[in-house]
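Q: The following comprises the amino acid sequence and a computationally predicted model.
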Amino acid sequence: MSDPMLPQFINRLQKNDRHCRKLARRQELDCFRVYDRDLPEFQFTIDRYADQLLVAHYSRSVEADSRAADLPTCLAAISQALEVPTESLHVRERRTKSDPTQQYQKLAEDKQLLIVREGGLRFYVNLSDYLDTGLFLDHRTTREKFRELARDKRVLNLFCYTGAFSVYAADGGAKNIVSVDLSNTYLNWAQRNMVLNRLFDSDCHQFCRADVLQYLHDVAPESFDLVILDPPTFSNSKAMEGNLDIQRDHPWLINRTLRTLSPGGLLYFSTNCRKFRLERESLEAEFVKDITNQTIPFDFQGRMKRWCFVIKKP
């Protein structure tokens, strides 16, 4: 199928890739976003992980899809434009309005891990088995800020996923780090990332399998100096009646987390809830600062779909 827009798509990919490669070299990166639905006829996000590409294809209405080039044609164009063989393209089909639980679904059992660089560190990613790879590229700048603050701090990483914030904190000289998640798979992955960077210290680094809300209920007050809280938009938890809805429940969640902090401690709070509105007046905080714009990496400029705040305990 020939599409008159295809040359424009190829040109956009090549232009984006040249720009991103130049900036990535300066920042010691080999994983970054190349394309994010820039052209309405081509509904893809494309992330480069070293010599591999993660290509997410977003389904739209039947009428809109009928006007777009077919998927095999688009994949051939992506391969050509970015000079990556088709066998190194990892393709996902995603709905435009995705189920917030999708990131936890398993797709395959290939267990093929790739090591990528970011900020002088290395991380394992998996481009085949999950919808998400194990490294959220849009939080790269936030992780840098976290590392800068971590020296001699007691750090807590809640909903830690594969532990990238914990690795950055360890590299920044944190005194001790507790990483909490309900998934053993992700906790093991987090520990492997720490070992990969030769930062793991069993005396200082704890990987805790727990329901985060229950953990917050049980942990002693003032146990930490620096916390990252990056919860899912929705989640089930035995610690609450029904589900966790981040818009509805964030004042409770943030205030409970603040109690784990020492006086003057900092909480970094982030959410992917696009219509999120922070209820500042409900927070037991000395100050709250929206740092979303300051934490947007170069490859996500104009494309950011999450919020980030720094919150200080009195």
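A: Everything's here; your move.
Q: so what secondary structure elements neighbour the longest helix along the chain?
A: The helix spanning the most residues in the chain, taking DSSP state H as the definition, is helix 6-26. With contacts taken as 3 or more C-beta pairs under 8 Å, 6 or more residues apart in numbering; DSSP states H and E, helix 6-26 sits against strand 31-36, strand 44-49, helix 71-82. C-beta here means a position set from N, CA and C on the backbone, and glycine is covered the same way.
Q: chain center to it: distance?
A: Distance, stretch centre to chain centre, for helix 6-26: 22 Å (C-alpha atoms, centre = their mean, to the nearest Å).
Q: which residues sit in contact with Ser179?
A: Residues counted as contacts of Ser179 (C-beta atoms under 8 Å, 6 or more residues apart in numbering) are 157, 160, 163, 166, 187, 190, 205-208.
Q: Go through those residues and flag which are in helices.
A: Filtering the contacts of Ser179 for helices - DSSP H - leaves 166, 187, 190.
Q: between those, which has the most around it?
A: Ser166 (30 neighbours; other C-beta atoms under 10 Å).
Q: so that residue makes contact with Ala190?
A: Yes. Here Ser166 reaches Ala190: they are 6.1 Å apart, a contact under C-beta atoms under 8 Å.
Q: can you list residues touching both of the two?
A: Here Ser166 and Ala190 share the contacting residues 160, 179, scored by C-beta under 8 Å, 6+ apart.
Q: worst-scoring helix or strand of the chain, pLDDT-wise?
A: helix 62-67 (a mean of 50; mean pLDDT, DSSP states H and E).
Q: In the sheet, which strands lie alongside the helix or strand containing Ile177, parallel or antiparallel?
A: For Ile177, the host element (DSSP states H and E) is strand 176-181. Sheet pairing for strand 176-181, assigned by DSSP bridges, gives strand 154-158 (parallel), strand 205-209 (parallel).
Q: So which of those is the most surrounded?
A: strand 154-158 (a mean of 26; mean count of other C-beta atoms under 10 Å).
Q: looking only at pLDDT, what's the mean for that one?
A: In this model, strand 154-158 has an average pLDDT of 98.
Q: One more: stretch 36-44?
A: On average, stretch 36-44 scores 94.
Q: next one: stretch 216-236 to chain centre, how far?
A: Here the centre of mass of C-alpha atoms in stretch 216-236, compared against the chain's by C-alpha atoms, centre = their mean, lies 17 Å away.
Q: Do you know the pLDDT at Pro232?
A: On the pLDDT scale, Pro232 gets 92.
Q: Thought Phe159 was touching it, still the case?
A: Yes. Applying C-beta under 8 Å, one finds Pro232 in contact with Phe159, separated by 6.9 Å.
Q: what distance separates the start and the end of stretch 195-214?
A: End-to-end span of stretch 195-214 (C-alpha to C-alpha, to the nearest Å): 28 Å.
Q: Now do the buried residues in it.
A: Neighbour counts over stretch 195-214 (16 or more other C-beta atoms under 10 Å) mark 196-197, 199-200, 205, 207-208, 210-213 as buried.
Q: Now do the SS call for Arg140.
A: Using DSSP: H, G, I helix; E, B strand; the rest coil, the structure places Arg140 in helix.
Q: burial count for the nearest residue to it once chain neighbours are set aside?
A: Leaving out its chain neighbours, the residue that sits closest to Arg140 by C-beta to C-beta, 6 or more residues apart in numbering is Pro297, at 4.7 Å. Residues lying near Pro297 (other C-beta under 10 Å) number 22.
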